[in-house]
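> got a predicted model here, sequence first, then my questions.
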Amino acid sequence: VSLRAPCASGVVEFAHWLRVVLAPPPRLQIWMCRPTHCTSPFVCCTGMAAATASAVITGGGSGIGEAISRRFASEGAQVIILDINDEQAKNVADSINGKCFQCDISDSGSVESVFKKIADDGPCPDILVNNAGIAHIGNATNTDPDDFDRVMSVNVRGPYLCMSAMIPLMIGNGGGSKLN
């Protein structure tokens with residue numbers, strides 16, 4: 001799987017970043033990637049070998065989220081996929097022996113309900129990957145305010161809601177990591 005992520009002045013290979021984040025042993029504490037052409041570092045603090053990790057991945061039913069889900073699973077992590085498209089999430093979860101929950105991350109009720117189920121099912125996850133996002137093609141003169149609000153709700157509010165729900169679980173579990 002080859003994933004690429006834009007950065008300040010180019011593109012960074014994303015698959016390498018995931019491979020290093022999950023590489024056991026001993027246990028990766030902090031890993032930073034700051035390519036010479038990029039001023040925006042990627043930082044990850046996992047603190048555990050992948051074989052013992054449990055990861056929640058938003059938008060894990062398709063696209064980059066699916067690739068992230070598959071990579072975490074291939075490294076031995078227990079994967080929990082949150083996706084608005086339940087069918088796609090179920091297909092990926094079944095193929096990697098993971099779990100999935102339908103969740104609209106822009107809706108606080110949906111997020112609270114799903115994280116309560118995750119906590120009740122156990123074990124509490126160690127990693128949150130805020131991957132879900134949407135895009136809208138347009139500019140200030142032709143973008144409807146409702147479209148703008150939807151993008152902000154999913155791309156900004158969604159990760160905030162997931163972090164708000166997940167951080168108490170991580171604290172109760174002795175720590176964890178979030179990847180935004």
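Nice, I can see it. Predicted model only: the values in this text are computed from it and were never measured. Numbers count the residues shown, from 1 in each chain.

> dihedrals phi and psi, the residue of the chain most remote from its centre?
The centre of the chain is farthest from one residue, residue 141, which by CA atoms, centre = their mean lies 32.2 Å away. With angles defined as degrees, to the nearest 10, residue 141 sits at phi -90, psi -20.

> repeat that for the one 4 residues further on.
Its backbone dihedrals place residue 145 at phi -60, psi -30, with angles given as degrees, to the nearest 10.

> check it and give its pLDDT.
Predicted confidence (pLDDT) at residue 145: the value is 94.

> compute the number of surrounding residues for it.
7 (other CB atoms under 10 Å). The way it works is simple: take the backbone N, C-alpha and C, and place the C-beta from them, glycine included.

> separation between it and residue 107?
Here the criterion is CB to CB, to the nearest Å. By it, residue 145 lies 19 Å from residue 107.

> try residue 169
19 Å.

> where exactly do the strands run in this protein?
Along the chain, the stretches classed as strands by DSSP state E are 4-7, 10-13, 31-33, 42-44, 54-58, 78-83, 99-102, 127-129, 177-179.

> now do the same contact list for the spatially most central residue of the chain.
What sits nearest the mean C-alpha location of the chain, by CA atoms, centre = their mean, is residue 129, with 2.0 Å. Shown in contact with residue 129 (CB atoms under 8 Å, 6 or more residues apart in numbering): 55, 56, 57, 58, 60, 65, 68, 72, 178, 179.

> can you say which of the residues you listed are buried?
Among the contacts of residue 129, those scoring as buried are 55, 56, 57, 58, 60, 65, 68, 72, 178, 179 (criterion: 16 or more other CB atoms under 10 Å).

> pick the one among the contacts of residue 129 closest to residue 86.
Distance to residue 86 across the contacts of residue 129 (CB to CB) is lowest for residue 60, with 12.0 Å.

> what residues are up against that closest one?
66, 68, 69, 79, 81, 82, 83, 89, 92, 100, 129, 131.

> alright, I will stop here.
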